[in-house]
Every structure is written in C-alpha cells, then in structure tokens.
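Sequence isn't available, so here's the structure alone:
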C-alpha cells in the first residue's frame, strides 16, 4: 500500500511509511454491540442451546469490516462506519459489558475474520465468565486463528456457523469478489472436530438462496461437500431478500427453497432446515 491508502478491509493504512492498524487488535475493535433477547434469529436456532434460554440474552457483536464484498450483502450498513472516526472498544471493555443475563456471544458482522485478534481476545474473556462463544463467518480467517475459535466454542458450549455462499469457485468470485478455497479448507478443518461434541453441534453450515445464482444444483454441490465430511452437520437454507447491489431480484420462492432442501437431503445430509420462511415468495 502507498502512503494514506487503506487495505481491503479498511483497517490497515500506511502512515509515515509504516503500516498502521486502525482496528481489529485486542486494544481496539471497530464494531457495534447490542443485547439480543433469546431466543433470537440465530442461523443455528433450531439446534443451539441459546434458543431454549428464555429470560437471557445473546451479546451480538457486529464487526464493521469484512474480508469479502458480497453483491447480496444483507448487513451492508457496516460499510457506513469509519474506522478512523469510530470510538472503538477494547476486547476487555467488550467482555465487561456482560451481566448475569448474558448466556452467549455471537461474533458476526461484516465478518469477525477481519478482526480475529480482537474477537479471540474478547472471546477468551467471555468464555472465562461462563458465556457460550459463537461465530458467524464466511470462514476466511487464517487456519491457526480458526483453530482457536473452534477451541473456544468447543470449550464454552457455543458453535461456529459457516456461511457457505457457493461451492463453485467462479460463482463465489462473481458473488463475493473473493475465492472460497480458504473457506472450504477451514470448514473441513472444523468438521474434523465435530464428533467431539455433536450435541449441541459444534459446527453448522448455511447458504443464502440467491435467485438466479444459488439454485438447487449448487446447493447439492455444497451439501455433498458437507456430507462427505460428516452427514450429521446441520445445514440451514436461508431465504434471500433484495439488498445492496441486487435490489432488483425477487425474494426466494417457496419452490426454490423446497428444491434446494430436497437436493441437500439427496446429497446425504441428515439435518436440513429452510430458515426465514416468512421471506419466501411465489414470484417464480
């Protein structure tokens, strides 16, 4: 990078010829957080422990940066947050916002992969307080950082939720601007730990059913990849609503969702769920 330029995630820049971190370290995370009463609309809500914890809340940690640039991003508002003008919060400060009603934390965004040193430092402090540590990610982090995230979830009773956007690398590049090789490798890496705690499941996968792009055939490819690792890994199919650079697409149709569910089961997965059913349409 040249003087004054930003990195892809917007969190690194060059000042006076030196690489400077604007966020993502244990000392400063660029994020928003809020208390989300349980049960909530968690991707893993039908299999996670939090869905049964009435009267408690999830600490939702929304990182304002990402390692991809998805055309269909449904949380694109994080891009309006400036890494330089944001107040920032340390991992210790974030862990201190918990109270006796905090059952779990979920690091998402954006994507926690863009600020893993901060998320891991906060997660360690939260796990020490008895909070279940969960992740919602595209899985692009360094494998060694992923291993630490998996360990935190395994030890604390949380889960790691991978958003598998596509199996075909070219399609993934078109939709997200990035390759899925690291994602698939990391998912396989996490899947090797699945049987250490299958209930509640350590690992959950999801795919957004983008009309015209992610059809039943593509879901079948993703599902075969998952099933070859472990057919017991839960898989959520998410309904799409028009957002960001794809505002002219229809909402996912009921037919599309049912065909995708059938393809995932034929591929060998044992626990498949259509989520966000209230968003389904009859448009095609």
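Ah, there it is. Nothing here was measured: the structure is a model prediction, and the numbers come from that model.

Quick check: residue 249 is in a strand.
No: residue state for residue 249 (DSSP: H, G, I helix; E, B strand; the rest coil) corresponds to coil; a strand is not indicated.

my guess is residue 30 contacts residue 86, does it?
Yes: here residue 30 lies in contact with residue 86, judged by CB atoms under 8 Å, at a distance of 4.9 Å. For the C-beta atoms, the positions are set from N, CA and C on the backbone; glycine is no exception.

can you give me the strands in the stretch 101-250 of the chain?
With DSSP state E, counting those that start in this stretch as the definition, the stretch 101-250 of the chain shows strands at residue ranges 102-109, 132-137, 160-163, 203-209, 235-239.

Compare those and give me the one nearest residue 270.
strand 235-239 (9.2 Å; CB to CB).

Which SSE is immediately downstream of that closest one?
helix 254-266 (DSSP states H and E).

how distant is the very next helix or strand once past that next one from the center of its chain?
The C-terminal neighbour of helix 254-266 among helices and strands, as given by DSSP H and E, is strand 272-275. Relative to the chain's own centre, strand 272-275 is displaced by 16 Å; criterion: CA atoms, centre = their mean, to the nearest Å.

Just confirm residue 138 contacts residue 109, I think it does.
No: taking contacts as CB under 8 Å, residue 138 lies outside contact range of residue 109: 9.7 Å.

any weak-confidence spans in the stretch 1-150 of the chain?
1-23, 82-85 (pLDDT under 70).

90 instead?
1-28, 41, 51, 74-88, 109 (pLDDT under 90).

ranges for the helices of it?
Taking DSSP state H, counting those that start in this stretch, the helices of the stretch 1-150 of the chain run over residues 91-95, 116-128, 143-156.

hey, which of those is tucked in deepest?
Ranked by mean neighbour count, the helices of the stretch 1-150 of the chain are led by helix 116-128 with a mean of 23 (mean count of other CB atoms under 10 Å).

Output the helices of the stretch 1-150 of the chain as a markdown table; include the columns distance to residue 34.
Formatted as a markdown table, these follow (distance: least, CB to CB, whole Å):
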| stretch | distance to residue 34 |
| --- | --- |
| helix 91-95 | 12 |
| helix 116-128 | 15 |
| helix 143-156 | 20 |
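
Out of the ones you listed, which gets nearest to residue 52?
helix 143-156 (16.4 Å).

Run the chain-centre distance for the closest one.
That offset, for helix 143-156, works out to 14 Å (CA atoms, centre = their mean).

Give me the residues contacting it.
112-113, 116-117, 119-120, 123-124, 126-127, 130-135, 139, 141, 158-160, 185-186, 189-190, 193, 196-197, 202 (CB atoms under 8 Å, 6 or more residues apart in numbering).

Tell me what angle that helix forms with strand 132-137.
140 degrees (axes from the mean of the first three to the mean of the last three CA atoms, to 10 degrees).

Report the angle between helix 143-156 and strand 102-109.
160 degrees.

Now stretch 93-106: buried residues?
94, 95, 97, 98, 102, 103, 104, 105, 106 (16 or more other CB atoms under 10 Å).
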